[in-house]
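S.K.: turn this into a structure:
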Amino acid sequence: MQKSYTKEFKLKAVHEVVKENKKVKDVAVELNITIGNLYKWITIFKQDGVFYGKGHSKNKEKETIRQLEVENQILKKALFLSDKTEDIFEFIYEHKGIFPVQTMCRLFNVSSSGYYKFARSTESLEELKYKQVVKLVKTVYLKHGPNIGSPKITDIINRNESITSQATVARILKEHKEQWHASDSRFHKDEDVVLHFHNKNTYFDMNAGKYYHQDFAKQEINSLLDSTYFSGFKKYIRDDIESADSYSVKDNLIIQGENLVALHKLKQCFKRKIKLIYIDPPYNTERYDLSYYDNYSRSDYLLFLKNRLEVAKDLLKINGSIFIHCSNKEQAYLKVLCDEVFSEENIVNQIVWRKTYGQQNTSQMATTKDFILIYAKNKKHLQLNRTNLSSSQLKSYKYTDQHGRFRIDKIQNKRNGYYEYQVNTPNGEYINERWDYPKDTFENLLENNLIYWSNSNIPYKKVYLSEGSTKVVNDLWVSEEYGSTQEATVELQALVGKNRFTYPKPEKLINKIIELSTSEGDIVLDFFGGSGTTAVVSSNLNRQFITVELSKNNFELIIERLQKSLNDTQSFISCQINREKRPPQN
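M.R.: Prediction:
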């Protein structure tokens, strides 16, 4: 006699296979039913979605109603479904555990055989569920930002029902977080914004006009650099000139030749030893009436500087800095380039220097300024020097007592003071006001005789000259103490006579830069030597200098200027870069 099963029993058996993904064989053994019966029930369930009585339809009216209910649920789920066959197949695949496949195929008018072919090429139900969880995690993560962790994400996803575990969320974050950051602009860091230009990743040999890729032509680049050497050493002590075999790390040095080659050669002895680099490179003005070449395409100009700045960075000490002189023409591009080379976090400031006190009236707006970009090798280690107070600032120290001269600073701040309390004045009155200092700080100043009482019994803080005789330098250099291009031309001509050098820099300006960033004995490098102002001022301030200049005429001008500037105890060595075959060593 055939055994009878209730529809609840059949549903339980089918659900363990369809919903809980158990094997048919295991469920049949567990429930003591035949495998054939179980397969039969699964087929009926997938086709009709329900069981009636012993497993076949007895009430056509009820069956029709239930079928319509199922179709209505399907259509609600598919409200925004497109009419593309692939999208329909994907919808059916995602909902095949909820609705009968045949019903969905019929409702959407697609081939069931076509669907099953699609399904065979699609991932498993577990993979699909994982994919859906990944979408949920991504949505939550992008909404709340990178500081949200897997515990919080798991809580949000599982708020209404248990969908996933924290371990799964953590694994998804580990696998996908980097990709999400790359694809979503909210997570992009500042360094993700880069300057792109032609031949950016190459070494530019200006002499040959060739570009060598820094990754694929390393052998050619090394060969090019290794084929050069310093030669023609001469030692200068005022008017005396002696031949020399080489130079030491303690010598002042002037090199004539291609500065990119010179920088690579200097790395052998001066890597991480330079305290200050000051350069005044060409401004790319497209002019031909200057004492140096100044007409590049923008990409060649940026590559020209990039090649040199990357090597120069290696020469700087950990607490060193570089000052780069530039004009309006390329300042914006040069700033972004330097952000890449030195890192944006190492920019110190940008100085605006008023270079002239006159102006031309031949353009829409006269240009009277230059820029000086300042970058540190490592800003955490940089310590710029403070500058002396000006004469007008010194006049503010007009009060004196037994400890010396002092000025007074306000303590009372009626509008914006953060602290409010009562103060007892020397005449016995009380002032209840807002103050810039907390009460215990005020009482400490009072106890140490650092409070000055005005005639109207208002307290001020005493600041003695011995404590604040210097100040931090600002970034607006417009006064006469920083010099001008006109002064620089007069300085150079007064020392060496008539010359053809155009737009030298004033000694006052370079003096301020060197005093700001170095101490006596430090090494100062200028690899766009020009007229030699950096070398001259460095020697005057007892700093060691290294200067590189391409033009032979300018090189000879620097030597003449130094010979007339240095005292009897100072000396320097000159040499040239030689690209010919090195002579045999004895």
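
S.K.: which residues of the stretch 51-200 of the chain fall in helices?
M.R.: Secondary structure of the stretch 51-200 of the chain (DSSP state H, counting those that start in this stretch): helices at 60-77, 85-95, 101-108, 112-120, 125-144, 150-157, 166-183.

S.K.: what does the third one contact?
M.R.: Read that as helix 101-108. Helix 101-108 is contacted by residues 46-47, 49, 67, 70-71, 74-75, 78, 81, 88, 91-92, 95-96, 111-112, 115 when judged by C-beta atoms under 8 Å, 6 or more residues apart in numbering. All C-beta spots, glycine's among them, are computed from the backbone N, C-alpha and C.

S.K.: and it, how far out from the chain middle?
M.R.: Chain-centre distance of helix 101-108: 55 Å, with C-alpha atoms, centre = their mean, to the nearest Å.

S.K.: next, the angle from it to helix 112-120.
M.R.: 120 degrees (axes from the mean of the first three to the mean of the last three C-alpha atoms, to 10 degrees).

S.K.: next one: the first one
M.R.: Between the axis of helix 60-77 and that of helix 112-120 there is an angle of 50 degrees, by the same axes, to 10 degrees.

S.K.: same for helix 60-77, what does it pack against?
M.R.: The contact analysis (3 or more C-beta pairs under 8 Å, 6 or more residues apart in numbering; DSSP states H and E) places helix 60-77 against helix 85-95, helix 101-108.

S.K.: what number of residues lie near Asn147?
M.R.: Using other C-beta atoms under 10 Å, Asn147 has 6 neighbouring residues.

S.K.: before we move on, back to that, tell me which of the helices and strands packed on helix 60-77 lies nearest to Ile241.
M.R.: Set against Ile241 and scored by C-beta to C-beta, these come closest in helix 85-95, at 85.1 Å.

S.K.: in the closest one, what counts as buried?
M.R.: Buried residues in helix 85-95, defined by neighbour count with 16 or more other C-beta atoms under 10 Å: Ile88, Phe89, Glu90, Phe91, Ile92, Tyr93, Glu94, His95.

S.K.: what's the closest of the residues you listed to Phe233?
M.R.: Phe233 has its nearest neighbour among these in Glu90, at 77.6 Å by C-beta to C-beta.

S.K.: so how far is Cys105 from the closest one?
M.R.: Plainly put, Glu90 is 13 Å away from Cys105 if you go by C-beta to C-beta, to the nearest Å.

S.K.: low-confidence ranges, the stretch 351-500 of the chain, go.
M.R.: 467-468 (pLDDT under 70).

S.K.: show me where it has its helices.
M.R.: Under DSSP H, counting those that start in this stretch, the stretch 351-500 of the chain gives helices at 391-394, 439-447, 485-496.

S.K.: any chance of those in JSON lines, plus distance to Tyr203 and mean neighbour count?
M.R.: Output for the helices of the stretch 351-500 of the chain, formatted as JSON lines (distance: least, C-beta to C-beta, whole Å; neighbours: other C-beta atoms under 10 Å):
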{"stretch": "helix 391-394", "distance to Tyr203": "49", "mean neighbour count": "10"}
{"stretch": "helix 439-447", "distance to Tyr203": "59", "mean neighbour count": "14"}
{"stretch": "helix 485-496", "distance to Tyr203": "34", "mean neighbour count": "17"}
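
S.K.: go through those and name the closest to Tyr211.
M.R.: Among these, the nearest to Tyr211 by C-beta to C-beta is helix 485-496 (34.7 Å).

S.K.: next helix or strand past the closest one?
M.R.: Counting by DSSP states H and E, the next helix or strand C-terminal to helix 485-496 is helix 507-517.

S.K.: and that next one, what other elements does it pack with?
M.R.: Helix 507-517 packs on strand 274-279, strand 316-326, strand 387-388, helix 485-496, helix 533-540, going by 3+ C-beta pairs under 8 Å, 6+ apart.

S.K.: outside of that helix, which residues touch it?
M.R.: For helix 507-517, the surrounding residues in contact (C-beta under 8 Å, 6+ apart) are 275-276, 278, 321, 323, 353, 372, 384-385, 387, 473, 477, 481-483, 487-488, 491, 524, 533-534, 536-538, 540-541, 543.

S.K.: wait, a strand at Glu242?
M.R.: Yes - the assignment for Glu242 (DSSP: H, G, I helix; E, B strand; the rest coil) places it in a strand.
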